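Trainee: Quick one, fold the following:
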Amino acid sequence: MARLGLTDRDRTRLWLAGVAGAGAFVTYTLFHTWASRKTNRGGLKPEPEALGKDSELYYLFVQLDEYRKNNDAAFRRALNSADQLIFLKEQLRNKKIRPSIYDVPDALVYKASCEKALMAFVKSTNARSRRDNTEEQTAKIHIIVEHMFECLKSRFKSVEQLSQF
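Mentor: Numbers count the residues shown, from 1 in each chain. Below you'll find the model as predicted:
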């Protein structure tokens, strides 16, 4: 420090500025972490590409997201398959793609994959409820999944209608 020509007073001011800056950074980081944990972003992870355009199905997935710890892999598979089905429906509805003979079989695969993943999710929930005595949660999940099946069936029929030549 002697080479820079700093006096003892300058060094003290530099040291205080560094401490104050570090303190401000720590305070900001703590507040940011606290605020991000307090706010509910209400989104799904991973963020679906097209599912947000179907408010009914999206809302059902948000409700089911509370229980995704029961079987996260099955939840993700169901979410991705439903997203693909809605994406195909939106593409056909907005005429961004031309109808083809493969649309209905693809939609059927997406629907069946989502239903299979939801059934695996329900099965793991049933096993967990027997262990944890949470029949109320299981009943709520069953109701949500039943509504999801109805929505998936309706979206599949939409793809069938939109893909007619």
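
Trainee: Pull out the buried positions in the strand or helix carrying Thr125.
Mentor: Taking DSSP states H and E as the criterion, Thr125 maps to helix 103-132. Across helix 103-132, burial judged by 16 or more other Cβ atoms under 10 Å covers 103-104, 107, 110-111, 113-115, 117-118, 120-122, 124-125, 128-129. In short, each C-beta sits where N, CA and C put it, glycine included.

Trainee: next one: stretch 65-79
Mentor: Tyr67, Arg68, Asn70, Asn71, Ala74, Phe75, Arg76, Arg77, Ala78, Leu79.

Trainee: Check the second one and give its pLDDT.
Mentor: Each residue has a pLDDT score; the one for Arg68 is 89.

Trainee: so what's it up against?
Mentor: Phe75 (Cβ atoms under 8 Å, 6 or more residues apart in numbering).

Trainee: cool, the fourth one as well?
Mentor: Residues counted as contacts of Asn71 (Cβ under 8 Å, 6+ apart) are Ala120, Phe121, Ser124, Thr125.

Trainee: For the residue most central in space within the chain, give me its contacts.
Mentor: Among the residues of the chain, the one closest to the centroid is Leu44, at 1.8 Å (Cα atoms, centre = their mean). Leu44 sits next to Leu51, Tyr58, Phe61, Val62, Asp65, Leu79 when contact means Cβ under 8 Å, 6+ apart.
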